[in-house]
Each structure stands twice: as C-alpha cells, then as structure tokens.
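Chemist: next one to model:
(one chain, ligands or ions: 2)
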Amino acid sequence: MQSGLLRLGFTGVGRDFPVMAPESPLFFTVTLLFSDQFASAPMTRAHAPGRVEVIGNHTDYNGGTVVGAALDRGVEVALRLTSDGRVRLVSNAKPADGVVETSISTYAEDEWPDWCAYPLGVIDEARLRGFLPAGAGLDIAIHSDLPIGTGLSSSAALELAVAGALFEALPDTNASISRSLLIEIAHRAENRFVGMPCGLLDQTVVGRARAGHLVVLDASTNQSHPIRLPDGLGFALFRSHISHALVDSPYEVRRDECRKALMGLERFIPGIRHLARLHPADLDAYASVLETRPSLRARHVVHEQRRVGAFLSALHQGDAEAAGACMTASHESSRAFFDNSIPELDALVQFSNQQGAVLGARLSGGGWGGSVVALVTDNFDTKQADAICDAYEELFEVRPHWWRTSASAGLVHELLTA
Ligand code: ADP
Ligand code: MG
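Modeler: Ligands and ions are numbered 1, 2, ... in the order given. Prediction:
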C-alpha cells in the first residue's frame, strides 16, 4: 500500500445529527452507512438500477439494435462535497475494505481495491472536464442490493449513481447536468479508467430508463428511445450457477468471427458497414463464400436484428405472446448458430417455457454463463418459479437464484441539503 491511502475500519463513529426520514430501504441504509462512517449527513443522493438485456444478442458491436430494461434493484449513493481534498469511499458490498481514503491530488498514483476504480473513474472524468472546484474533497457511501459481476450491470449502476450524486453536489452545475453528460462520463469512466471496452447499452439503459418502458438502443448511431412494456408484463431473472468470470469466455473470438464475416461479405456487397444491417436474402446469397464459423455467426446476428424488429412490433401491437416467442427464438439461435449458450442456460430456458405464465425466455448478455431472462405475465408466481428451480436443481445439484422485476426507472439524483 502506498502513502496517501488510508483504510479506516468499518466501525461507526458517533452520530449527533438526525438521520433523514427513510423514503426507501436503500436510501435509509445508505444514509446510516454515510453518517456512521463520516459523522455528517450527506448532501446528495442518487439511485441507479441494474439492467437486463431483453433481446439483441451480440448485435451491439455489429451495428445493430439492443433492447434493455432497468431492474427494480440497484445502487444507492450518498455523497458530501468537502473542502479537504480527500476522497473517502465506503461500500456495504465491500465491508472488509472499510473506508478507503485517497486524495484528489494523488488518487491516480495511489493503490486502492479494484472496485474503487468505478467511483474514482467518474471523479477523474469530472476533474478532467473542469467540474471539480479547487480543493474539493468527497465522502461517498454506497449501498447496493444488486448482484455484482453477474451481467446485470452493477458497474454501470455504480458509475451512474456516483455521477448523479456528484453533479448534484457540485456548485453551479445544475443547469448543465444532462442525462447525456452523466451517461458519457460513466461510459468513459468504465472504458478509460477501469479499462473495460464496453458498448453504450449498460450506461444508456441505467441512465435513461423510464418506469414501465424498455430502452431501445441503436448501436450504429448510439441513439436510444423508450418503448412501453404493455401492462401486466414483467421479467423473471434466473441466475445460473456458472459465472462469466469462471469460464474462459470466447467473446473476443466471436467478435473476430463477426469481423471476418463482414470482411468476407464486403467483397460482394459493397458499402455494408454493419453485419447486423445486412438483409437476410443477401446473407443467403453470399454465405457460401464464408468459412463455416463466420457464416454461422453472421446468420445469428442478421436474424437477431430482424427478431429485435419483430419483438418491438409485437409489443407495439400488444401481442405479448409473439414478443415472448422472439425471445425464445433468440435463445435457440444463440445455441445453434452463435454457440454462446451452455446446458445450464438451455435448461433454464426450457424449464421456464414449461410454465404457463412464461411467454418466452433467453440467455441475457454475452452468454457462456450468467442469467436467463423470461418475459412473464402477472400470473407468474413463486410456485412456477419453484418448479423451474426444482427441475434445474435436479439436473445440476445447485439451486438457481431468481427474482421477479418490473421494467423500472433509471437514474434519479437529488439534493438533500443546501
Ligand atoms: P456487472 O456490471 O455485470 O455486475 P462487472 O464486472 O462489469 O459486472 O462489474 C462488477 C464490479 O463493479 C465489481 O467487481 C466491483 O468492482 C464493482 N461494483 C459493483 N457494485 C459495487 C458495489 N455496490 N460496491 C462496490 N463495488 C461494486
Ligand atoms: Mg458491468
């Protein structure tokens, strides 16, 4: 550990001021954590949800469309702007680290636990853009009820909650806090400071979601818009016991195969810039020039883009069954053509689809582990979820975690005290 970094234990110091009235359990707990660790009240708070990829599998880096939904779980941040030039961070998810302390002038050289890169990355972006007043310091408490590292974007939720609470606290920034700026800062923090070259889906959904709506992102322009999820529909999430981190994810290999497919087809169809935008008839006409794997990957991507379109029109027309069928077809294509499923995810999809209130299900995110998302009606209940978990447990001897979520609102931030 280098100088400049201090770890103050996780034990509370005395509190001699009132704790704010609880508006939500997360807000209440983060306020307690903040006041216990920093012996003062927070100035601002923010809440950012996790997100699930509803449909649009590996379409993002192929210039296609992805549809996501914000979850009813997320990351709550309480923050105070100080004038001592120090940065103090504490998270309920990392109790062993206690309060991590560094300073605005040395954080780039200091050592800190890996998770601090996400809030520090946001602070770094704000600093580079001249938003931090001279001598400013920050006390930040984080409380989350979102599973971490399971493809539900706890990282983007953390970045956006920190960004929202930070910009709310900065003097004279009220007029300039736009959603676009916060999303850009969070995305840059993850790409540049954390070093994760992710696309814009995570931050866009977390930042822009509206309750009862899905977020549709066109990855060729990075433009997004909301689409209403018809009443009576929601999602059930089932987490396989295979985590992305435990498998040697062939993500880069798939990207390369998609690149090869595009390059191979460009010779015959001049001007195509994005694999996802290819017409299926053109793919049929020229697929034989491609090697087997690039050809199969292209088939998945080109048809997935069409399925996204079909899914959105089905929702528009209120045909929830057709929308669910698109999700299941997406999974089938992942399994057969993109080779990014595994037996655990196939089983969760199969068992989910045996339940009457499930309209469709698919692997969500990159694949090779992680979660399955099912589109469900209001009739989906614990009994049906238990039947899915029982069948999975019988096969794999591990019980999956599950929860039901509505399509929730995105980032909120507010000033608590002047
Ligand atoms: P995902 O975004 O799918 O959850 P990532 O690997 O992109 O997975 O991000 C997970 C990382 O984000 C964690 O390893 C941790 O460093 C950080 N993180 C997320 N939530 C929290 C939290 N509540 N407290 C501290 N760190 C967090
Ligand atoms: Mg992430």
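
Chemist: right, is the host helix or strand of Arg80 up against ligand 1?
Modeler: In this structure, Arg80 sits in strand 65-82 according to DSSP states H and E. Yes. Residues of strand 65-82 contacting ligand 1 under C-beta under 6 Å from any ligand atom: Val75. Placement of C-beta: from N, CA and C, glycine included.

Chemist: mind giving me the packing neighbours of that strand?
Modeler: helix 25-38, strand 44-55, strand 137-144, helix 154-169, helix 201-208, strand 213-218, helix 292-316, strand 401-405 (3 or more C-beta pairs under 8 Å, 6 or more residues apart in numbering; DSSP states H and E).

Chemist: distance to Gly121 added to the ones you listed, as CSV?
Modeler: CSV is the format used below for the helices and strands packed on strand 65-82 (distance: least, C-beta to C-beta, whole Å):
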stretch, distance to Gly121
helix 25-38, 20
strand 44-55, 15
strand 137-144, 13
helix 154-169, 7
helix 201-208, 12
strand 213-218, 21
helix 292-316, 30
strand 401-405, 27
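
Chemist: and of these, who's closest to ligand 2?
Modeler: Across those, ligand 2 has its closest neighbour in helix 154-169 (3.3 Å, C-beta to the ion).

Chemist: hmm, that closest one touching ligand 1?
Modeler: Yes. Judged by C-beta under 6 Å from any ligand atom, helix 154-169 and ligand 1 are in contact via 154-155, 158.

Chemist: counting neighbours, which of those residues comes out on top?
Modeler: Leu158 (30 neighbours; other C-beta atoms under 10 Å).

Chemist: roughly how far apart are that one and His316?
Modeler: 33 Å (C-beta to C-beta, to the nearest Å).

Chemist: hmm, who's touching the helix or strand where Asp124 lies?
Modeler: Element membership for Asp124 (DSSP H and E) is helix 117-128. Contact with helix 117-128 is made by 87, 89, 102, 104, 107-108, 112, 132, 138, 140, 142, 155, 158-159, 162-163, 166-167, 170, 185-186, 188-190, 192-195, as judged by C-beta atoms under 8 Å, 6 or more residues apart in numbering.

Chemist: go again using 7 Å as the cut-off
Modeler: If you take C-beta atoms under 7 Å, 6 or more residues apart in numbering as the criterion, helix 117-128 is touched by 87, 89, 104, 107, 132, 138, 140, 155, 158-159, 162-163, 166, 185-186, 188-190, 193-194.

Chemist: quick check: buried residues in that helix?
Modeler: Using 16 or more other C-beta atoms under 10 Å as the test for burial, helix 117-128 gives 117-126.

Chemist: on that earlier part again, packing partners of the following helix or strand past the strand holding Arg80?
Modeler: Downstream of strand 65-82, the first helix or strand assigned by DSSP H and E is strand 86-91. Strand 86-91 sits against helix 25-38, strand 99-103, strand 137-144, with contacts defined as 3 or more C-beta pairs under 7 Å, 6 or more residues apart in numbering; DSSP states H and E.

Chemist: could you redo the last one with a cut-off of 10 Å?
Modeler: Packing partners of strand 86-91 (3 or more C-beta pairs under 10 Å, 6 or more residues apart in numbering; DSSP states H and E): strand 6-8, helix 25-38, strand 65-82, strand 99-103, helix 117-128, strand 137-144.

Chemist: the inter-axis angle of that strand versus strand 99-103?
Modeler: Angle of strand 86-91 versus strand 99-103, following axes from the mean of the first three to the mean of the last three C-alpha atoms, to 10 degrees, is 160 degrees.

Chemist: sheet partners, orientation included, of strand 86-91?
Modeler: strand 99-103 (antiparallel), strand 137-144 (parallel) (DSSP bridges).

Chemist: most packed of the ones you listed?
Modeler: Ranked by mean neighbour count, those are led by strand 137-144 with a mean of 25 (mean count of other C-beta atoms under 10 Å).

Chemist: is ligand 2 contacted by that one?
Modeler: No. Using C-beta under 5 Å from the ion, strand 137-144 stays clear of ligand 2, coming no nearer than 12.7 Å.

Chemist: next one: that strand to chain centre, how far?
Modeler: 20 Å (C-alpha atoms, centre = their mean, to the nearest Å).

Chemist: cool, stretch 387-396 as well?
Modeler: On C-alpha atoms, centre = their mean, the centre of stretch 387-396 falls 27 Å from the chain's centre.

Chemist: hmm, who's touching that stretch?
Modeler: Stretch 387-396 has contacts (C-beta atoms under 10 Å, 6 or more residues apart in numbering) with 236, 238, 240-242, 343-344, 347-355, 358, 361, 372, 374, 382, 386, 398-402.

Chemist: and Ala108, how many neighbours does it have?
Modeler: 11.

Chemist: look up the pLDDT of it for me, please.
Modeler: Note on Ala108: pLDDT of 92.

Chemist: Gly199 too?
Modeler: In this model, Gly199 carries a pLDDT of 86.

Chemist: domain assignment for the protein?
Modeler: 3-51+70-208+410-415, 229-405 (automatic domain parsing).

Chemist: for Gly367, which three-state class applies?
Modeler: coil (DSSP: H, G, I helix; E, B strand; the rest coil).

Chemist: appreciated, that's everything.
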